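A.B. asks: Model the following, please.
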Amino acid sequence: MVKPALNSGFVVASIQLLSAIFTSRLVVARPGNTDVIDPKTHMKDPKNIGVMPVPVISQIPILPLLGGVSVSGMELPEEVIEKNPTEFPSPCESKSSKKEYPLPPYDEVMHYLEKGSNVISLPVAWENIQTHILSDDLNKDFMEELEDVIKTITYQGGNVVLELRSSHERIRQVKPDNGAVKNSTLDDQFLDAYTKLWSNLAKSFLVNRRVIFSLASLPDNAMTPARWPKTIQAAVTAVRKTGSKNVILLPSMGNRNLSVRHNTIKTFDKTYHALKDVKNPDNTTFGLVFDLTQNFAPFDHKKHNSTTACPARNTTDYVTPLVKLLKENKRQAFIGRVVSGSHETCLSILKEFLSDIKGAYPHIAGFSMYGGGIRKEDAFGALVKKTNNSTECDSEFEDQPNFNVAKKFFPEKIVKDLDKSPLKPTS
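C.D. replies: Residues are numbered from 1 along each chain as shown. Next up is the predicted model:
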């Protein structure tokens, strides 16, 4: 039996979500009024015409315990698909709609949710979201697809990390030197484009608090402005000015050394001191969470496969200092990218690490495993393989050893709504 197209499933989710939208509550920015009111009543009141809702920042709860998977697909720019048509075939659900953009595999996403994942990270290419970097407009066709994907996941009870990816080619559109030479004019252009992008994205998901904004995935010193903390602060301010109360993930500081860039827990003290003063417009840090990465692979894991051994390490040695720093400063972090193979050496390290992470809640809000949506099933980090019962349009999966370990550390109970988290926010 052919499963419904990804976008078709989203139509139902979209309709059901609308009713949830109108039962949500917003705080209205009107002098002398901080009441929480129903949006329907607000829109009918002539006094509220043109009045933007604003968030009460202190009402943003800390993240619940999360455990899930990063699923590839939407981070692949259209031009990459055109250059490598056989490497990235269009999924079945895209054939009927003839969409130009790759989607995360629907069956695989549903598989992870059924296995207990309560968060799906979606890496998304800036090139797909916005065709021209200096334009204020988002790509309407792509945004419709992205919104459909997110609605489907959140309707199923999951949360979504919207993870911005950007290629060197994208940065060169405003920084021809690729960031190697300091130039205040180019930095200002990048800053303006970047903040406008996040302002527009925040407006698109204003009513869906299950969407978590990851401001940048693995930023690299060679491709980001020299004034990176200023850029992140501007993005946070832009998001909050839309009225958004979505949680925001602050990216780790980049490094040209790949072995360091993919293991930012070790260098978190540098990230913390660089970004600790990034705050909301009301000078608080509610809803601002640090985004970290951990890769257990040998250097450059792309050259290895799922059976490659992992170097020995004691994960407690660097998780303990991380938790100490977070606890002392009443801050929270999320391990947004955990990379592990399925060799026995990798599994033992992964188990120890995830045990430490889960035990560190609420200071560490969980993790997301890299490896969903990988085209090569024997690649290092691949989490599932299709079984022989799979068809072109109906896939069944066999969990790989690394995913079998990871799902044991998924939260026992999904927190259905971030607004209803019983945890009090930190300062």
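
A.B. asks: Where does the prediction get shaky in the stretch 1-150 of the chain?
C.D. replies: Scanning the stretch 1-150 of the chain for pLDDT under 70 picks out the ranges 1-56, 58, 77-100.

A.B. asks: where exactly do the helices run in the stretch 201-350 of the chain?
C.D. replies: Counting by DSSP state H, counting those that start in this stretch, residue ranges of the helices within the stretch 201-350 of the chain are 228-241, 258-261, 268-275, 316-328, 344-359.

A.B. asks: Pull out the buried residues from stretch 337-356.
C.D. replies: Within stretch 337-356, the residues that count as buried by 16 or more other CB atoms under 10 Å are 337-343, 345-347, 349-351, 353-356. Just so you know, the C-beta spots here come from the backbone N, C-alpha and C atoms, and that holds for glycine as well.

A.B. asks: nearest to Glu108, of the helices of the stretch 201-350 of the chain?
C.D. replies: When those are ranked by proximity to Glu108, the top entry is helix 344-359, at 20.1 Å, counting by CB to CB.

A.B. asks: what angle sits between that closest one and helix 316-328?
C.D. replies: Computed with axes from the mean of the first three to the mean of the last three CA atoms, to 10 degrees, the direction of helix 344-359 lies at 20 degrees from that of helix 316-328.

A.B. asks: by contact count, what packs against helix 344-359?
C.D. replies: Under the contact criterion of 3 or more CB pairs under 8 Å, 6 or more residues apart in numbering; DSSP states H and E, helix 344-359 touches helix 316-328, strand 333-339, strand 364-372, helix 401-406.

A.B. asks: Any chance you could list what contacts that helix?
C.D. replies: With contact meaning CB atoms under 8 Å, 6 or more residues apart in numbering, helix 344-359 is reached by 65, 67, 294, 296-297, 308-316, 319-320, 335, 338, 340, 364, 366-367, 401-402, 405-406, 408-409.

A.B. asks: What subset of these is buried?
C.D. replies: Buried members of the contacts of helix 344-359, counted by 16+ other CB under 10 Å: 65, 67, 294, 296-297, 308, 310, 315, 319, 335, 338, 340, 364, 366-367, 401-402, 405-406, 409.

A.B. asks: Pro64 belongs to a strand, doesn't it?
C.D. replies: No: Pro64 sits outside any strand when classified using DSSP: H, G, I helix; E, B strand; the rest coil, being coil.

A.B. asks: from memory it sits against Pro411, does it?
C.D. replies: Yes: judged on CB atoms under 8 Å, Pro64 makes contact with Pro411 at a distance of 7.3 Å.

A.B. asks: ok, these two, which is more surrounded?
C.D. replies: Pro64 (23 against 18; other CB atoms under 10 Å).

A.B. asks: Could you pull out the residues contacting both of Pro64 and Pro411?
C.D. replies: In contact with both Pro64 and Pro411: Asn118, using CB under 8 Å, 6+ apart.

A.B. asks: Just the CA trace of the helix or strand hosting Glu127, in CSV.
C.D. replies: Assigned by DSSP states H and E, Glu127 falls within helix 126-129. In CSV, the C-alpha atoms belonging to helix 126-129 read as follows (Å, rounded to 0.1, in the frame of the first residue of the first chain):
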residue,chain,number,x,y,z
TRP,A,126,20.0,29.1,3.9
GLU,A,127,20.1,28.9,0.1
ASN,A,128,16.8,27.1,0.1
ILE,A,129,15.1,29.4,2.5
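
A.B. asks: So which bits of it are buried?
C.D. replies: Neighbour counts using 16+ other CB under 10 Å place 126-129 of helix 126-129 among the buried residues.

A.B. asks: go on, stretch 243-252?
C.D. replies: Result for stretch 243-252 [16+ other CB under 10 Å]: buried residues 243-252.

A.B. asks: Can you measure across it, start residue to end residue?
C.D. replies: When the termini of stretch 243-252 are compared using CA to CA, to the nearest Å, they are 25 Å apart.

A.B. asks: what pLDDT, on average, does that stretch get?
C.D. replies: For stretch 243-252, mean pLDDT is 94.

A.B. asks: same check, this time on stretch 410-426
C.D. replies: On average, the pLDDT along stretch 410-426 is 51.
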